[in-house]
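J.: Fold the following and give me the result.
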Amino acid sequence: LVDGITFDDTGYAKNWRPLGPQSSVILDPHRSFGRPILDKYSIPTKTLYDAFKAEQDLEAVAEMYEIDTNEVAKAVEFEMRLAG
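T.: Numbering: from 1, shown residues only. Below is the predicted model:
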C-alpha cells in the first residue's frame, strides 16, 4: 500500500497509485475530485470502463478517447478489480 503513495515535503500524502508506483492509474485529490484517473490523460478510469462495457472493444474505446489501447486496458483492469 505505502509503495504507491507519494508524499510531499511535509510528509503528507500527495497522491496514490493503487496498482504500484509505476502504474498510470492515480488518485490525486487535486485532480478529478480524487477519483481514479489515468495520470497522463486525466480521464477517469470509470469513464473508460463504462465505454468498454458498452463497446466491448479496447481499441474502439482508445480511438474514441484518442489514447493508447494499453492505457484503456489498465483502466478496465483497475475497475474490474474494484468490482471484485
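
J.: Please tell me how far residue 56 sits from residue 62.
T.: 13 Å (Cβ to Cβ, to the nearest Å). The C-beta positions use only the backbone N, C-alpha and C, and glycine is treated the same way.

J.: more neighbours, the two?
T.: Remark: of residue 56 and residue 62, residue 62 carries more neighbours, 19 against 8, as counted by other Cβ atoms under 10 Å.

J.: what's the host helix or strand of residue 71 in contact with?
T.: Per DSSP states H and E, residue 71 falls inside helix 69-83. Residues from elsewhere that reach helix 69-83 (Cβ atoms under 8 Å, 6 or more residues apart in numbering): 18-19, 23-25, 36, 38, 40-41, 43, 45-46, 48-49, 52, 58-59, 61-62, 65.

J.: Among those residues, which ones are in helices?
T.: 45-46, 48-49, 52, 58-59, 61-62, 65 (DSSP state H).

J.: how about a markdown table for those, with pLDDT and distance to residue 8 added?
T.: Rendered in a markdown table, the data for the ones in helices among the contacts of helix 69-83 read as follows (pLDDT from 0 to 100; distance: Cβ to Cβ, whole Å):
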| residue | pLDDT | distance to residue 8 |
| --- | --- | --- |
| 45 | 98 | 24 |
| 46 | 98 | 26 |
| 48 | 98 | 28 |
| 49 | 98 | 30 |
| 52 | 98 | 34 |
| 58 | 98 | 35 |
| 59 | 98 | 38 |
| 61 | 98 | 34 |
| 62 | 98 | 33 |
| 65 | 98 | 30 |
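
J.: Please identify which pair of the residues you listed lies farthest apart.
T.: Distance extremes for these: the farthest pair is 46 and 59 at 19.5 Å, using Cβ to Cβ.
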